[in-house]
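Quick one: sequence and predicted model below, then my questions.
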Amino acid sequence: MKKTVRFYSGAELVGKAAIDAGCSYFGGYPITPSSEIAEYMSIHLPKHGGTYMQMEDEIAAMGSIIGASLTGAKVLTATSGPGFSLKQENIGYAYMAEVPCVICNVMRGGPSTGLPTALAQADIMQAKWGTHGDHPVIALTPAYLEEIYEMTIKAFNLAETYRMPVMLLLDEVIAHLSAAIELPDKELMVIKNRRKPLVPPEKYYPYDTAYGDVPPMANFFEGYRYHVTGLSHDKTGFPTTDPDLVQADQERQIRKVASKADEIYDYESYLMKDAKIIIFAYGSTARAARVAIDNARKLGIQVGMMRFKVLWPLPEAEILKICSKAKAIIIPEMNMGQLSEVIERYAADRTKIMRINHVGGVPIHPTDILNVIKEVV
Amino acid sequence: MAFEYEKYLRMDKIPHLWCPGCGIGVVLKAMLRAIDNMGWDKNDIAFVSGIGCTSRAPGYIDCNTLHTTHGRALTFATGIKMAKPAKHVIIFSGDGDATAIGGNHFIHACRRNIDMTLVVVNNNTYGMTGGQHSPTTPIGYKTSTTSYGNIDPTFDICLLAKAAGASYVARSTVNKGKVLEKYITKGLEHKGFSVIVATANCHTQFGRKNKMGDPISSRKWIETREIPLDKARNMKAAELEDKIITGEFISEEPEQTYWENYNHPIHEYTEAYQGIIEKAQKKSEGENK
């Protein structure tokens, strides 16, 4: 098999993977540090017959990808902090109407304009609770360039499989990192497409739960002529205020991800077998943690890492198991403790949670983590 | 022979939610007649709307219908049209939806000149939320948020659309359903972004607070303020205050002055983007040689 090694940046890999996954529409708006993704798409999408639209604002970019997705296109938008805030209104629409789409957020320092050119991991809770109301969540947090390629394709597969927005959370460091890498063979990547109705139009309901928690989705202009709204709706897609129907629909939407969490979550275990001290990390911070672990091992300290490749949903059972046997859990993150708060709830009094929270825009250094490991010992 | 509206309506969704005597019904009927004039297949049409009374219209139409977020209909419509340029995309909006919360999307949709048709039903108020003042509430009028009389200057939606680059712009009123049908048909026929404004009555929310709480007096109020564009051209600004100028606002005559033809579109967007695809693919072939 012919292998090609090439220089890629993280941003380019998002674009390349999106096109390889079948993305044919990108709606964007310039914002640092994610603009390189839009630039890549503006050059390469039309080569594949796809469309790059630079919209008038972030809200419009998000609206336009939902419109394109309804016609059957696989769609992507990319943004950073302030743009992610603006998109939340229409992200909520995509949840409610169950429209597949991928939203890449290259995290930078916040709140507000914050640190436009510096890294952060401070939008992980916004990826979960950014829009109003309850909804399921899938958020991916790659840490390596090869992983950006694989996980962008995975993001599209998950969006199509579960008929919902999927968050691809990069941070400024890995989006701007460039390196020569070898990509997996495109032909060997699994590509998933949304389930389309097998029934004729007169028997089709856009939210028909007879086919499971993820109803088949018809494309616009293919004879099905159905209605889509952001209002609470029944299986026909038309508005309803019936308390039982609304309750059932909300429960189904949560369930469609919760019941498949063990197929969705993804993590890497690093030197976990004998580890007494465990590091929980994600994104570029996990790279520093890995170096810290290697250095600690040289000192004879039994430390390992659970690195979340998918941050939401979390592997709850595995986390609970670790909480009950670990001497301490160290959580380095580029925010004021957003994941730590979640893990603290799992841990209760069973283990000690050590936080490392840097929000100055500079990466967490392996030494910062090593010092905390030594502190625990 | 009577026009068969049933052919285009989801009859199981009737009766509609609009108040008796509401002007939106006239606009909906004009729209259905216009798409019938075009002879389009219902499967090839998408109706898109935002939030508000007018935005409920697509729900009653037996086509592909999308009821989106407040002010954002044009953004969803843009995605649909760019993904499927051969299909027909029609947008329903109200004055608040199109020119307040959706004002940015409105001017940029006009600027791009994508081949879509926008119908704005202008009833001078936010009807669904209880009759607050909108960007088209005339000065001095009372609404639920201007109890002492409105002091906010208004937008002229047609002039705004024209200045922003829309390539077909027209206005009539719900008193003239046949004229609306004609303008909407011309908008649908037109290759480019079309804006048709239908001035409408909201006697329930707006009229009630201004001593015209029934459909007849509200529509009379519209009728007495209507001035045809040809006549308006020779009138002074002060004389046109609080008037509804009706007619077609875009001239295709190339000898027009810069000021009269300001921002006249140079191309239709989906066709221009096809040119981008061809250029990109040519470059790609060159790279692969």
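Received the coordinates, thanks.

Next to chain B, which bits of the stretch 1-150 of chain A? Give me the list.
Residues of the stretch 1-150 of chain A lying close to chain B (C-beta under 8 Å from any C-beta of the partner chain) are A:24-25, A:27, A:43-44, A:46-47, A:49, A:51, A:53, A:55-57, A:59-73, A:75, A:89-90, A:93. The C-beta positions use only the backbone N, C-alpha and C, and glycine is treated the same way.

Quick one, which of these are buried?
When burial is judged by neighbour count using 16 or more other C-beta atoms under 10 Å in any protein chain shown, the buried members of those are A:24-25, A:27, A:44, A:46-47, A:51, A:53, A:55-57, A:59-73, A:75, A:89-90, A:93.

In helices, which of those appear?
Restricting those to those inside helices, with DSSP state H as the criterion, leaves A:44, A:59-70, A:89-90, A:93.

Max pairwise distance over those residues: which two?
The most widely separated members of those are A:44 and A:89, with 28.9 Å between them, by C-beta to C-beta.

all helices of chain A, in order?
When secondary structure is read from DSSP H, chain A shows helices at A:10-21, A:35-44, A:58-70, A:81-97, A:126-129, A:145-162, A:172-176, A:243-258, A:261-264, A:285-298, A:316-325, A:338-347, A:366-376.

Tabulate those (TSV), appending mean pLDDT.
Rendered in TSV, the data for the helices of chain A read as follows (pLDDT from 0 to 100):
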stretch	mean pLDDT
helix A:10-21	98
helix A:35-44	98
helix A:58-70	98
helix A:81-97	98
helix A:126-129	97
helix A:145-162	97
helix A:172-176	94
helix A:243-258	98
helix A:261-264	97
helix A:285-298	98
helix A:316-325	96
helix A:338-347	97
helix A:366-376	98
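
Pull the number of nearby residues for residue B:274.
A count of nearby residues for residue B:274, using other C-beta atoms under 10 Å in any protein chain shown, gives 14.

typed the wrong thing, it's residue B:7
The number of residues near residue B:7, taken as other C-beta under 10 Å, comes to 11.

Equivalent analysis for residue A:370, please.
Other residues near residue A:370 come to 21 when the count uses other C-beta under 10 Å.

pretty sure it is touching residue A:292, no?
Yes: with contact defined as C-beta atoms under 8 Å, residue A:370 counts as touching residue A:292 (4.5 Å).

Show me which residues of the stretch 151-289 of chain B sit near chain A.
Taking C-beta under 8 Å from any C-beta, the part of the stretch 151-289 of chain B that reaches chain A is made up of B:273, B:276-277, B:279-281, B:283-284.

again, only using 7 Å
Residues of the stretch 151-289 of chain B found near chain A (C-beta under 7 Å from any C-beta of the partner chain) are B:273, B:276-277, B:280-281, B:284.

who in the stretch 151-300 of chain A is up against chain B?
In this structure, the stretch 151-300 of chain A approaches chain B at residues A:220-221, A:223, A:225, A:227-230, A:238, judged by C-beta under 7 Å from any C-beta.

so of those residues, which ones are in strands?
When strands are assigned by DSSP state E, the members of these inside them are A:227-229.

Ranking by neighbours, what's the top pick from these?
residue A:228 (26 neighbours).

Report how many residues lie close to residue A:351.
Based on other C-beta under 10 Å, the number of other residues close to residue A:351 is 20.

quick one: contacts for it?
By C-beta atoms under 7 Å, 6 or more residues apart in numbering or on different chains, residue A:351 lies in contact with A:323, A:326, A:328-329.

go with 10 Å
The contact partners of residue A:351, by C-beta atoms under 10 Å, 6 or more residues apart in numbering or on different chains, come to A:277-278, A:322-329, A:343-344.

how about it, phi and psi?
Its backbone dihedrals place residue A:351 at phi -150, psi 170, with angles given as degrees, to the nearest 10.

now swap in residue B:169 and tell me
Dihedral angles of residue B:169 (phi, psi; degrees, to the nearest 10) stand at phi -140, psi 130.

Filter the contacts of residue A:351 down to just the buried residues.
Members of the contacts of residue A:351 that pass the buried threshold by neighbour count (16+ other C-beta under 10 Å) are listed as A:277-278, A:322-323, A:326, A:328-329, A:343-344.

of all the residues you listed, which comes closest to chain B?
Chain B lies nearest to residue A:343 out of the buried ones among the contacts of residue A:351, by C-beta to the nearest C-beta, at 34.7 Å.
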